[in-house]
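1. Sequence and computational prediction follow.
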Amino acid sequence: MSEKRNFSLERIERTYMKVTFFGGTKNSEDLKVDRRKLLLHSCCGPCSTGVIERLVSEYDVTVFFYNPNIYPEEEYLRRLSAQKKFIESFNKTRKAGETEKGVLTFHQVVLLVGEYNQDEFFEAVKGLESEKEGGQRCVECYGLRLERTAQVAQLGGFDIFATTLTVSPYKDYGTITEIGLFLGERYGIEYLATDFKKQNGYQRSIELSKEYGLYRQDYCGCIYSKEEREKTRK
Ligand code: SF4
């Protein structure tokens, strides 16, 4: 990892986690299917749409919504609500199927919601507040969210973890991958290094967001990106 991209693990490492569980009534254990369990960090409902659609054919997907960077709280709740809406609707569209061995392959997507404590974000990006979007502040922000995901994946017995962050054309795939692989090694969990914007992934997320009637935000998430956005608008 280059010096520039080196994010401060010590600062963001925490053992305390508060996670809320929402829905997802059937899982592969109930149905005796042996598939890999994937924990997918999601930054928002719209970005998660195409990624979930792509991953469910191969993995039992649990979505982890952990985004203490989002400002203000009303915006956080709006994005969380869009996430729940998508998962609920998506699960309804899925039907139980069978393989040639006669085994059910149906798995409902589960949603886990991490703690919303904006102080965690402000602490992680201390001193980097005036960085431009895409700079070191964002590296710390990715690191914070991905590290918590890796911790939850380890504690929850997941096989692999991933993030929807790579679906955005505004976020650097190389940086996110570097952090994911680093944390995967650190926590002993495989990181799925996939550029979800490829193969029309970003476009598909826009289509699905429209189809499911999801709220789509117009700024990345934190107070600084909101201010930048407002300045550009003026
Ligand atoms: S611009 Fe986005 S990625 Fe960067 S710090 Fe703010 S919320 Fe995080």
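-> Happy to help now that I have it. As the structure is a prediction and not an experimental result, all values here were calculated from the model.
2. Spatially, and excluding backbone neighbours, which residue is closest to S42.
-> Distance criterion CB to CB, 6 or more residues apart in numbering; nearest residue to S42, sequence neighbours excluded, is S48 at 4.2 Å. No exception for glycine: its C-beta is placed from N, CA and C like everyone else's.
3. That neighbour falls within a helix, correct?
-> Yes - counting by DSSP: H, G, I helix; E, B strand; the rest coil, S48 is part of a helix.
4. For it, give its distance to L39.
-> 13 Å (CB to CB, to the nearest Å).
5. out of those two, which sits in the busier spot?
-> S48 (32 against 26; other CB atoms under 10 Å).
6. residues touching the more buried one, list them.
-> Neighbouring residues of S48 by CB atoms under 8 Å, 6 or more residues apart in numbering: 40, 42, 63, 83, 86, 164, 205.
7. where's G213 relative to Q108, distance?
-> 21 Å.
8. who's more crowded, the two?
-> Taking other CB under 10 Å, G213 and Q108 do not tie; Q108 has more neighbours (22 against 10).
9. you'd agree that one is up against T93?
-> No - here Q108 does not reach T93: they are 11.1 Å apart, not a contact under CB atoms under 8 Å.
10. quick one, phi psi at the residue nearest to K132 when sequence neighbours are not counted?
-> Leaving out its chain neighbours, the residue that sits closest to K132 by CB to CB, 6+ apart is E228, at 8.0 Å. Note on E228: backbone dihedrals following degrees, to the nearest 10 are phi -60, psi -40.
11. what sits against E228?
-> 132-133, 219.
12. Contact residues of this protein facing the ligand?
-> Proximity of the chain to the ligand, by CB under 6 Å from any ligand atom, involves residues 69, 133, 137-138, 141, 220-222, 224-225.
13. still on that earlier bit, make a markdown table out of the contacts of E228 and add pLDDT.
-> Formatted as a markdown table, the contacts of E228 follow (pLDDT from 0 to 100):
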| residue | pLDDT |
| --- | --- |
| K132 | 93 |
| E133 | 93 |
| Y219 | 96 |
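14. From the residues you listed, pick the one nearest the ligand.
-> E133 (4.5 Å; CB to the nearest ligand atom).
15. Among the contacts of S48, which lie within strands?
-> 40, 42, 63 (DSSP state E).
16. any idea how far the second one lies from E58?
-> S42 sits at a distance of 17 Å from E58 (criterion: CB to CB).
17. coming back round to it: now flag whichever of the contacts of E228 is closest to Y116.
-> Y219 (17.6 Å; CB to CB).
18. count of residues packed around that closest one?
-> 19.
19. So what does it look like in phi/psi?
-> phi -140, psi 160.
20. dump the residue contacts of it.
-> Contacts of Y219 by CB under 8 Å, 6+ apart are 225-226, 228-229.
21. Show the end-to-end separation of stretch 40-50, please.
-> With CA to CA, to the nearest Å applied, stretch 40-50 spans 12 Å between its terminal residues.
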